[in-house]
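# I'll drop the sequence and a predicted model, then ask my questions.
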Amino acid sequence: MIMDKIVLWFFLSCKRQLKKPFFLILLLILPAGVWMFHKAEEESSGKISIALYMDGDEWNEKVAETLSEGEHSFEFYQCETLQELQDDVAGEKAECGYYFPTGFRELLKEGGYRRSVKLYVSPSTVADKLSSEVVFAGFFQVFGRELLEEYTRTGQPLRQGRWTDRHGAGTNLGRAGASL
């Protein structure tokens, strides 16, 4: 009995509202507006852009590929020249940029890796320290695999003189933001 009265009240209210043209227009516009907001959200990825310049080195390209394919909140892209990287960071197209020199792999194996990767930073960025963690995690995905292969092949880790930093290559970041 009570349920019948509620259903009748709902039906009569809807019938009265549907006769008003403003309500009909609003009824059609609301779903369209929600759909447009959804599309606008899909277009912007919400990821922070990070520029990479790998100096044409094949091993560095492998590191860049690992970073580009990773699941994280950064969008890595490669620049053709170091000047392009610097311009993108200065123009705030990228929050920061990393320069991996040619022969970086050999520098790592010889122990001369300190300050070899240059970080170019936009003055307004706050993502440089977090992106450094992601960059070196991607870097160690590639280099760690090589270390493991060498260890299984020779049965020895890298010799003491060649790898002295107990934290790995996390200290080889040189800040070049001031030189922009």
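Yes, it's here. Numbers count the residues shown, from 1 in each chain.
# pLDDT below threshold where in the chain?
Under the criterion of pLDDT under 70, the regions of the chain flagged as low confidence span 42-45, 111-114, 157-180.
# quick check, central residue of it?
Computing the C-alpha centroid of the chain and ranking residues by Cα atoms, centre = their mean puts Phe74 first, at 1.0 Å.
# and the strands in the chain?
In chain order, the chain shows strands spanning 48-53, 74-78, 96-99, 117-121, 173-175, with DSSP state E as the criterion.
# hmm, who's touching the second one?
It refers to strand 74-78. Contacting residues not belonging to strand 74-78 are listed as 45, 47-54, 64, 67-68, 70, 94, 127, 131, 134 [Cβ atoms under 8 Å, 6 or more residues apart in numbering]. Every residue, glycine included, has its C-beta placed from N, CA and C.
# try it again at 10 Å.
Where contact means Cβ atoms under 10 Å, 6 or more residues apart in numbering, the residues beyond strand 74-78 that reach it are 45-54, 60-61, 64-70, 84-85, 88, 93-98, 127, 130-131, 134-135, 138.
# now a PyMOL select for only the buried ones of those.
A single PyMOL command is used to select the members of those judged buried by 16 or more other Cβ atoms under 10 Å:
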select buried, resi 48+49+50+51+52+53+54+60+64+66+67+85+88+94+95+96+97+98+127+130+131+134+135+138
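# now, the contacts of strand 74-78 that are in helices?
In helices, defined here by DSSP state H, the members of the contacts of strand 74-78 are 60-61, 64-69, 84-85, 88, 130-131, 134-135, 138.
# between the residues you listed, which is closest to Leu107?
The shortest separation between Leu107 and any of the ones in helices among the contacts of strand 74-78 is 11.2 Å, and it belongs to Asn60 (by Cβ to Cβ).
# how near is that closest one to Thr66?
Using Cβ to Cβ, to the nearest Å, one gets 11 Å for the distance from Asn60 to Thr66.
# quick one, what contacts Asp55?
Asp55 sits next to Glu61, Thr81, Leu82, Tyr99, Phe100, Pro101, Thr102, Gly103, Phe104 when contact means Cβ under 10 Å, 6+ apart.
# looking at those, which is nearest Lys20?
Nearest to Lys20, judged by Cβ to Cβ, of the contacts of Asp55 is Thr81 at 63.1 Å.
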